[in-house]
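**Student:** everything below, folded, please.
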Amino acid sequence: MGAGAAAPGLFFTFAATVLLIFASVSSPTWERISFLNTNANGGITHFGVFGYTGSDTHIGYRFPGNIGDSRLNGTLFHNFTEVLILIPIAAGLSGIAFIFGLCGFAYHRAGTVFMTLVSALALLATLVAWVIEMVLFGVARDHIRDRGFQANFGNANWLVLGALVALLLAFFTSACGIFGSYRAKRARY
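**Tutor:** The predicted structure follows:
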């Protein structure tokens, strides 16, 4: 018999999974979701996990010629764009935690224990990804603005932050859910 004690953690892992999936399919796949939006030389460019407007989808990229310079296209920034792969990895870990949570909700305490452990891993991956993407796109935004172009944060930054908060809540609620009642109630005769 399952327990309702796993339900809050289940909800928060599902919310984090959805938010991280949306952030993962950012530009160039889905132009409405991006981490950084620039308007340089009359062209609007959106930057995402796997590239930017008009680029091929791949892990790690360099900033386009009209925006990037030797500083933005250096090895450090290129490596930071490669680390953005942590966002889809965190989405996968959150999804696995959700599946374990379903097992905990429907059947056994062990599912809730595994949901807690995997949501902790997803929380760690999301935290690292969020800090790195904020540093990467924050420095890029300031550098692009210093060169006289427009640059603003996109909505994907806040999707990842929302997922980070949801995973933090998922971890704590699922850890508390481990101690919930999992016994079937006996019928009185």
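
**Student:** quick one: low-confidence parts of this structure?
**Tutor:** Applying pLDDT under 70 to the chain picks out residues 1-3, 180-189.

**Student:** so where do the helices sit in it?
**Tutor:** Remark: helices assigned in the chain by DSSP state H are 7-24, 75-83, 86-106, 109-146, 156-177.

**Student:** bridging residues for Ala151?
**Tutor:** Judged by DSSP bridges, the bridge partners of Ala151 are Thr38.

**Student:** surely it touches Gly138?
**Tutor:** No: counting by CB atoms under 8 Å, Gly138 is not a contact partner of Ala151; they are 10.1 Å apart. Yep, even glycine has a C-beta here, placed from its N, CA and C like the rest.

**Student:** which of these two has more neighbours?
**Tutor:** Neighbours were counted for Ala151 and for Gly138 using other CB atoms under 10 Å; Ala151 has more, 21 against 13.

**Student:** so who does the residue minimising distance to the centre of the chain touch?
**Tutor:** Closest to where the C-alpha atoms of the chain average out (CA atoms, centre = their mean) is Leu20, at 3.7 Å. Listed by CB atoms under 8 Å, 6 or more residues apart in numbering, the contact set of Leu20 reads 87-88, 90-91, 94, 126, 159-160, 163.

**Student:** for it, give its distance to Leu159.
**Tutor:** 8 Å (CB to CB, to the nearest Å).

**Student:** what's the answer for Leu76, then?
**Tutor:** 25 Å.

**Student:** so which of these two has more stuff around it?
**Tutor:** Neighbour count, other CB under 10 Å: between Leu76 and Leu159, Leu159 has more, with 21 against 10.

**Student:** contacting residues around the more buried one?
**Tutor:** By CB under 8 Å, 6+ apart, Leu159 lies in contact with 19-20, 22-23, 33.

**Student:** which one of those residues sits in the busiest neighbourhood?
**Tutor:** With neighbours set by other CB under 10 Å, the maximum within the contacts of Leu159 is found at Ala23, which has 33 neighbours.

**Student:** quick one: that one from Pro8, how far?
**Tutor:** From Ala23 to Pro8 the distance is 23 Å (CB to CB).

**Student:** same question for Ala166.
**Tutor:** Relative to Pro8, and taking CB to CB, Ala166 is found at 11 Å.

**Student:** right, and Phe100 touches His108 too?
**Tutor:** No: Phe100 lies out of contact with His108 (CB under 8 Å); the separation is 10.3 Å.

**Student:** ok, these two, which is more surrounded?
**Tutor:** Remark: of Phe100 and His108, Phe100 carries more neighbours, 25 against 16, as counted by other CB under 10 Å.
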